[in-house]
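Enquirer: Mind folding the following:
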Amino acid sequence: MQQNLRIGSVVIHCYEFEKMMDFWTAGLNYIPREPAEGGWVVLTDPTGNGSNLSLQKVADKRSGPRSRLHLDLYTYHQIEEVERLLLLGARRYPWHYEPGDDFVVLADPDDNLFCIVQLPVGKDN
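Expert: Sure thing, here's the model as predicted:
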């Protein structure tokens, strides 16, 4: 069976965005895939061997009872993978999507959130 889904990024929701970006780039020797924008950055392994680490700025030191970490799962087959995971016990999470969003937010059976991110065809992330 062909693998259609992979961990593309572990996402950390962080209050001290700049400090966290400095810490993780130095700690892992990672580099930003693109310049940080709007409180979001994807840090990548320049050797291409490791998964991405993404940082997302939050307004409060603690933003509710949810975990500060979640997985972004990358795929070229988003619709099929979302449907497959729903059949396995995931559920759609009521997220407010913006036009052009490339992800779908799901919750696993234990109510942990994760995203299914559509990869652009022909681009290796």
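
Enquirer: residue contacts, the residue nearest the centre of the chain?
Expert: Centroid-nearest residue in the chain, with Cα atoms, centre = their mean: Asp72, separated by 3.1 Å. Applying Cβ atoms under 8 Å, 6 or more residues apart in numbering to Asp72 gives the contacts Ile7, Gly8, Ser9, Val10, Val11, Asn52, Ser54, Phe103, Phe114, Cys115, Val117. All C-beta spots, glycine's among them, are computed from the backbone N, C-alpha and C.

Enquirer: Can you select the buried ones from the residues you listed in PyMOL?
Expert: In PyMOL, the members of the contacts of Asp72 classed as buried (16 or more other Cβ atoms under 10 Å) are selected with the following command:
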select buried, resi 8+9+11+52+54+103+114+115+117
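
Enquirer: now, which of the contacts of Asp72 sits nearest His77?
Expert: Val117 (11.5 Å; Cβ to Cβ).

Enquirer: can I assume the closest one sits in a helix?
Expert: No: read with DSSP: H, G, I helix; E, B strand; the rest coil, Val117 is strand and lies in no helix.

Enquirer: re the thing from before, what's opposite the residue nearest to the centre of the chain in the beta bridge?
Expert: Bridge pairing for Asp72 (DSSP bridges) gives the partners Ser9, Cys115.

Enquirer: Could you report the separation of it from Ala26?
Expert: Applying Cβ to Cβ, to the nearest Å, the value for Asp72 to Ala26 is 22 Å.

Enquirer: Please apply the same query to His96.
Expert: On the measure of Cβ to Cβ, His96 and Ala26 end up 34 Å apart.

Enquirer: what do you get for Thr44?
Expert: Taken as Cβ to Cβ, the span from Thr44 to Ala26 is 15 Å.

Enquirer: biggest helix in the protein, by residue count?
Expert: Identified as the longest helix of the chain according to DSSP state H is helix 17-28.
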